[in-house]
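Engineer: With the input below, show me the fold.
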Amino acid sequence: MKKKILIGSSSFLLPNNSSWNILENKYNLGFADYGGYNEIFGNKNVNKIVCFHLFFEDLNNSKNIKEKLNFILKLVEQRLKISQEPLIFGYSNRDDFEIIKNAKLRNEELPSYQKFFLKIEKFKKLYSNFYELNLNKEFSKIGFNHVYDERNWYILRCRLSIEGIKIVSNSFHKIIERIYNPASKLLVLDCDNTLWGGVVGEDGVKNIIIGQDGIGKAYYDFQKKIKQIADEGTLLAICSKNNEEDVWDAFNKNKNMILKKSDFIAHRINWKNKADNIQEISKELNIGLKSFVFWDDNPMERSIVKKYIPSVKVIPVDEDICQWPKILNENFNFQKFRVTKEDINKKKQYIIRSNFEKQKSVAFNEKKYLKSINLKPSLHKINNSNVLRAEQLCQKTNQFNLRNIRYTVSDIEKINKDSNCKIFLIGLSDVFGNHGLVGLIIIRKVSFDTYIIDNMMLSCRVFGRNLESWILKKVIDMTKKDKIKYIIAEYIKTKKNKIALDFLKANNFKVLKSKSKKLNISKKRFNYQSTYLFDIIKDDVPNLELFK
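Structural biologist: This is a model prediction of the structure:
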């Protein structure tokens, strides 16, 4: 079912214009009457995402600007208190700036919205479902004279041009997409004429173009931007038709390189088809192709990858290298609301996983091997320092995700306060290093003797360690004082989460048949064909010896 979005504004926004198609294609889109603030933020729309745009110019016609602004902000806060759905608050202001007057005008005579911005900052701090959208920044990229349209204003009461409407629509879309879909994980890069100018195998290491002058500076700044997004958690890989020795010589011997060999988590440097190489990288890292972004200067290579791996995001690279640092900086695929500690440590943790898999593949006795690596799991209560990681796991985890519920920070905070719920993050370390917070478990009491696993998820980078069995044992331990007899788990099938079903079967969960057990819960609550039962008294948890 499509999520519902309500678009509102202080002016008319041309609801039937094709600029809104990007949202209408994915969401159930509706528009409130412009200026209808009570309708936009009122009780009847609590189950809708609200996207609102305020034109400060619309307040300038009011006798009391501050009073009108306070009225709107009061409605916004009331809405935030009664609804967990996202509220995206956009605003813009096209000043009638006069150079001559401003040259002598005292600052205190200028219109001030200082209290408004202080209130916006307060909302961002207090409400995890509030999102600010400063459209002045977006409008300024092409210029206010292109974004605003006086003819539309006088005829339709719409302040914007069609180009302006597109910017508003695309900006709302980007924020909503990032709320519900994580940023891409991996940037796959070509080398020759991409990371540097020229062909290293022909021109030589010293003659490739990168440095502090001319076009070389553009390549230098491009690498600098790549390094920045890598430091914020994006993984890097190389996919290049080249001699491998020549490529590594370029990184090791050319002093102008920003990026180093150690910055790349994986590489395929050979003469094979790039589509095949990218799929090999996906298997090696156990990262889905939907999380891949491909950057290559060669339009034929981009076309091949786009055709044969349509789930990979292929960047339509501008022919002018001078534009590349800007294009990468503005690329939506890598943008995040916040950079967490887990993001920063991601590369290190994938290296740890890769080392684990390599050693595991040559181990003769798997259980003996797992016991030898000193597995040390841990439970962590939800708090301010880790709630973002809990949200990240909910939003990003696709494979080991039992019910595929995408909780937000506000949802998690609410669950954490619910006396009928228990919620914990799971940490893990072993001889390969500290993997960080890699799992989340939520259980909910549904009757006096039964808990349901509301959701359980585990990062793919720790698969193969039987950590899920340890988590189940901890769930049993924490419910014993409540005299619980049964734990039930509902499996909601997706294209990717079969491993979660395998966990249930391997850990002695049985299909719950409505007539075989007289559970004290509503029969309408679950789909019995996809719900599984664990009897705490009768059933055992396997593989616990690995964690002693």
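Engineer: Which of the three states applies to the closest residue to residue 77 other than its chain neighbours?
Structural biologist: Nearest-residue entry for residue 77: residue 123, 7.0 Å, with adjacent residues in sequence omitted and distances by C-beta to C-beta, 6 or more residues apart in numbering. C-beta coordinates here come from the backbone N, C-alpha and C atoms, glycine included. Recorded secondary structure, residue 123: helix (DSSP: H, G, I helix; E, B strand; the rest coil).
Engineer: Adjust the sequence numbering to begin at 11 for everything that follows.
Structural biologist: Understood, numbering begins at 11; the last thing we discussed is residue 133.
Engineer: ok, now which ones touch residue 133?
Structural biologist: By C-beta atoms under 8 Å, 6 or more residues apart in numbering, the contact set of residue 133 is 86, 87, 90, 99, 140, 142.
Engineer: Please list only the buried members of these.
Structural biologist: Among the contacts of residue 133, those classed as buried by 16 or more other C-beta atoms under 10 Å are 86, 87, 90, 99, 140.
Engineer: Most widely separated two among those residues?
Structural biologist: Across the buried ones among the contacts of residue 133, the longest distance by C-beta to C-beta is 10.9 Å; it joins 87 and 99.
Engineer: can you tell me which of the contacts of residue 133 are in strands?
Structural biologist: 99, 140, 142 (DSSP state E).
Engineer: Closest to residue 327 out of these?
Structural biologist: residue 142 (31.3 Å).
Engineer: Just give the nearest non-adjacent residue to that closest one, would you?
Structural biologist: Once flanking residues are discounted, residue 142 sits nearest to residue 130: 5.5 Å by C-beta to C-beta, 6+ apart.
Engineer: burial count for the one you found?
Structural biologist: 18 (other C-beta atoms under 10 Å).
Engineer: in the protein, which strand has the most residues?
Structural biologist: For the chain, the longest strand by residue count, based on DSSP E, is strand 443-457.
Engineer: Give the buried residues for that strand.
Structural biologist: Quick answer for strand 443-457 (16+ other C-beta under 10 Å): 443, 445-456.
Engineer: Tell me which other helices or strands it touches.
Structural biologist: Based on contacts counted as 3 or more C-beta pairs under 8 Å, 6 or more residues apart in numbering; DSSP states H and E, the elements that strand 443-457 packs against are helix 351-354, helix 356-372, helix 397-406, strand 431-440, strand 460-468, helix 477-489.
Engineer: and the angle for the third one with strand 431-440?
Structural biologist: Following axes from the mean of the first three to the mean of the last three C-alpha atoms, to 10 degrees, one obtains 90 degrees for the angle between helix 397-406 and strand 431-440.
Engineer: Next, the angle from helix 397-406 to strand 443-457.
Structural biologist: If you take the same axes, to 10 degrees, helix 397-406 sits at 80 degrees to strand 443-457.
Engineer: List the strands paired with the helix or strand following helix 397-406, with their directions.
Structural biologist: Next along the chain after helix 397-406, taking DSSP states H and E as the criterion, comes strand 410-411. Sheet pairing of strand 410-411 (DSSP bridges) gives strand 460-468 (antiparallel).
Engineer: tell me the contacts of residue 152?
Structural biologist: Residue 152 sits next to 173, 177 when contact means C-beta under 8 Å, 6+ apart.
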